[in-house]
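Peer 1: Got a predicted model here, sequence first, then my questions.
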Amino acid sequence: MSNLQLPVATLGTPRIGLKRDLKFALESYWAGKTDQTALLQTAAELRAANWARQKARGVDIIPSNDFSLYDQMLDTSFMVGAIPAIYGAKADLGTYFAMARGSQKSHTETCEHGHVHHHGHGVPAQEMTKWFDTNYHYMVPEFTRDQTFHLTSFKPLDEFLEAKRQGYHTRPVLVGPVTFLKLGKSTDEGFDPLSLIDRLAPVYVDILTRLRDAGADWVQVDEPVLALDGEPAITAALKVAYATFAEQVPGLKIIVASYFGGLEENLDTAVGLPVAGLHIDLVRKPQQLNPVLDRAPEGLVLSLGVIDGRNIWRADLAAIVDTLEPVIAAHGKDRFQIAPSCSLLHVPIDLDLEDALDADVRSWLAFSVQKMSELVTVAGALRGGYEDSVSSLALLDDSTQAAAARRTSAKIHNKAVAARLAAVTAADGQRKSAFAARARVQRAQFALPAFPTTTIGSFPQTAEVRKARSAHARGELSAEGYEAFLKAETARAVAWQEEIGLDVLVHGEFERNDMVQYFGEQLSGFAFTKHGWVQSYGSRYVRPPVLFGDVSRPKPMTVQWWWFAQSLTGKPVKGMLTGPVTILNWSFVRDDQPRSESCRQIALAIRDEVADLEAAGCRMIQIDEAALREGLPLRHRDWQTYLDWAVESFRLCASGVADETQIHTHMCYSEFNAIMDAIAAMDADVISIETSRSKMELLDVFTSKKYPNEIGPGVYDIHSPRVPEVTEMTGLMSLARQRLDDTQLWVNPDCGLKTRKWEEVKPALVNMVAAAKALREDA
Ligand code: GLN
Ligand code: ZN
């Protein structure tokens, strides 16, 4: 392989399995139905399948250690021994999953074989947050000022050797030490985790040395921090780390991978690192090729990220080859590797499984294995001098034709949508009265108690719910049977909410597979896949809709469910919608028009739904914008432009209602510090946010900015099976009351409850209602 010119690399592959094998293996293990051996066996089979798939497609540089049982950042915390004391000292699977998911005191994990795992019981999960601007969540590493590191897990080595035994000479992947520290956090005041680089680097030296000694010649070290704003501390840490590796692990070739953006102000830092290779993202930032070529030292191998690892469109391969041809002619074939823009983790696995997609749409798409073939075609054409190679010429032509067909397809362009968008005025994005006036009529109308309680929308998606859905999808359960089942679930949820004394109810979202997919399936302009799963976090995967054309809403999407739930109760039931920015950010979206334009189209479609809910009598409408923050560009200078059109889109969908109609919004994982003005500008009457894991610290900005509208700061961390005590929640609320006015506050969980079990949800919400009552007595 070392002699091969223009080798093809993937940087990383989806790890979940064609049939969501990892999810099912994890869930079965967590439920105590299978043991550790079975879980690890499935994991090994998935790795083997990934290696075989890449080999079969002609990939030259196959990664190892791109697999993870839960998350690669958690793996890295484990590898370097950054395991907070509350999880205990034992670096085993019980501890690993306790860090990932938290752990209930009363709950003992006893496996089939009678092993009782008693590590880290009664502990909360580590914080989870978005991986850069993707919808992948990682577990946030935690550091202390006196943090020490030592090589605790040999996973990269084990997986390298595992591949080797199967005949694959792999390029192991590590999360880079600087990215690892930069994305971590510390509760120690005034302490920058990056200052730990001197202590962390030796652990990386240890694992790198072991990899080299085991036969690895290249190691890929991911440093996506290079796509963030340049910072002296990052630059310094990168220099220290990579100088240490160069000096202490001679003979090992390191390729530093940047992705999700251009190097820009980090260009000199990146090309100046004493490493053998550098990967650059030429999809997000094609303009950086020439500057990188100008600045990179002669010997630096460049991995060219030319196939989009973040989206599912088939590439115009001839255009890529035309761009690269002169570059390669000028600089030599030995200088380059051909790669996707980033790991293929963020795209579905195989388009070949999609037998039900519209044929035209399908012909415009490429998933991970198709992208592997695209890379191989590009490399083949560039290696051979593509004019000589009949077969690669045909493949290039094919992709060019598909690109041209997509550009002109009537399935994409809808004149009515364009006309409506052109007629939008500023007034369309403006509520009739200001918040204070709206709040007056709303408070009089609803007459809610102080600290009103509500939930975020979904209730547990139990095995029965999923079974009914798939039976219906397979045609084994009639439409009437399925609807009757969903109505029974909804009715039970409504009755139960009344019984425990919640103030504002939800219908439970049992009919929804996913908060974005559900809407995508009912809007024109979206296509959806059968098997296009991508990992959102741990064992949770989503199937993002494919936004391929102009968007419109043929008919109401949620009104009947709201109506049914409201007919069962005298308490208000919230209408429940997903907002335009979130639909956009959680879909694979068109690359043939600006994101802002697609977003406005979705906003108008949701506006129609808001109007129909209101007309049906709904007085509280929640429009979730869970993904607003994660759409932020990675560099600050690009933020305002995004926030402007994101807020405008939200207002466009929410502002068509009367003052009496209370607009709620919900956001999870949000740190609002830098975007508070935009949050306020959305002008939702009530916002519910994620705060329980951060001990209400996230509220500080609502205080300092004197946020005027109402807020429900989450008091129950729904990402963990743990049931919070009443006092824990009143404690959190008293922290909130230090920061906000009582009249502003609602009491609710952090997020929807669909991933939880009823056994967890019931006691937790009973406690939450009790907490609100205690607050009322105290107020
Ligand atoms: N209404 C959605 C739910 O409750 C919100 C989910 C989310 O914000 N991720 O599931
Ligand atoms: Zn949420």
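Peer 2: Nice, thanks for sending it over. Numbering: from 1, shown residues only. Ligands and ions are numbered 1, 2, ... in the order given.

Peer 1: so where is the stretch 351-500 of the chain shaky, pLDDT-wise?
Peer 2: Applying pLDDT under 70 to the stretch 351-500 of the chain flags residues 385-390.

Peer 1: Residues of the protein that sit close to ligand 2?
Peer 2: Within the chain, the residues that sit near ligand 2 (C-beta under 5 Å from the ion) are 626, 668, 751. Bear in mind the C-beta positions are built from the backbone N, C-alpha and C, glycine included.

Peer 1: mind listing what the first one touches?
Peer 2: Going back to what we said before, that points to Ala626. By C-beta atoms under 8 Å, 6 or more residues apart in numbering, the contact set of Ala626 is 515, 578, 582, 666-669, 751.

Peer 1: repeat for Lys253
Peer 2: 217-219, 275-277.

Peer 1: near ligand 1, which residues of the stretch 501-650 of the chain?
Peer 2: Within the stretch 501-650 of the chain, the residues that sit near ligand 1 (C-beta under 6 Å from any ligand atom) are 509, 515, 576, 624, 626.

Peer 1: Can you give me the neighbour number for the third one?
Peer 2: By other C-beta atoms under 10 Å, the residues close to Met576 number 29.

Peer 1: Is it part of a helix or strand, or is it coil?
Peer 2: With DSSP: H, G, I helix; E, B strand; the rest coil as the basis, Met576 sits in strand.

Peer 1: on that earlier part again, what about the contacts of Lys253, which one has the most neighbours?
Peer 2: Neighbour-wise, the contacts of Lys253 (other C-beta under 10 Å) top out at Val219, 29 neighbours.

Peer 1: Among the contacts of Ala626, which ones are in strands?
Peer 2: Counted as lying in strands by DSSP state E, out of the contacts of Ala626, are 578, 666-667.

Peer 1: Go through the residues you listed and name the one nearest ligand 2.
Peer 2: The closest of these to ligand 2 turns out to be His666 (C-beta to the ion; 5.5 Å).

Peer 1: burial count for Ala243?
Peer 2: Ala243, neighbours per other C-beta under 10 Å, totals 13.

Peer 1: How about the backbone phi and psi for it?
Peer 2: Backbone dihedrals for Ala243, given as degrees, to the nearest 10, come out at phi -70, psi -40.

Peer 1: Which residues are in contact with Phe367?
Peer 2: Applying C-beta under 8 Å, 6+ apart, the residues near Phe367 are 312, 347-351, 532.

Peer 1: From Asp350, how far out is it?
Peer 2: Using C-beta to C-beta, to the nearest Å, Phe367 is found at 6 Å from Asp350.

Peer 1: Then Lys705?
Peer 2: 47 Å.

Peer 1: Same check on Ser720?
Peer 2: 33 Å.

Peer 1: who's in contact with Ser694?
Peer 2: Ser694 makes contact with Glu127, according to C-beta under 8 Å, 6+ apart.

Peer 1: Check Arg739 too.
Peer 2: 696, 699-700, 702-703.

Peer 1: Only the buried subset of those, as a ChimeraX command please.
Peer 2: The following ChimeraX line selects those of the contacts of Arg739 that are buried, judged by 16 or more other C-beta atoms under 10 Å:
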select :696,699,702
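
Peer 1: Alpha carbons only: can I get stretch 533-550 in CSV?
Peer 2: In CSV, the C-alpha atoms belonging to stretch 533-550 read as follows (Å, rounded to 0.1, in the frame of the first residue of the first chain):
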residue,chain,number,x,y,z
TRP,A,533,-30.0,5.6,9.9
VAL,A,534,-27.3,7.8,11.3
GLN,A,535,-26.1,7.8,14.9
SER,A,536,-27.4,10.7,17.0
TYR,A,537,-25.9,9.5,20.3
GLY,A,538,-25.0,6.1,21.8
SER,A,539,-27.8,3.8,20.9
ARG,A,540,-30.0,6.5,19.4
TYR,A,541,-30.2,6.7,15.7
VAL,A,542,-32.2,8.9,13.4
ARG,A,543,-33.3,8.7,9.8
PRO,A,544,-33.0,12.2,8.5
PRO,A,545,-35.4,13.2,5.8
VAL,A,546,-33.9,14.1,2.5
LEU,A,547,-34.9,17.6,1.5
PHE,A,548,-34.5,17.6,-2.2
GLY,A,549,-37.1,20.1,-3.5
ASP,A,550,-39.3,23.1,-2.8
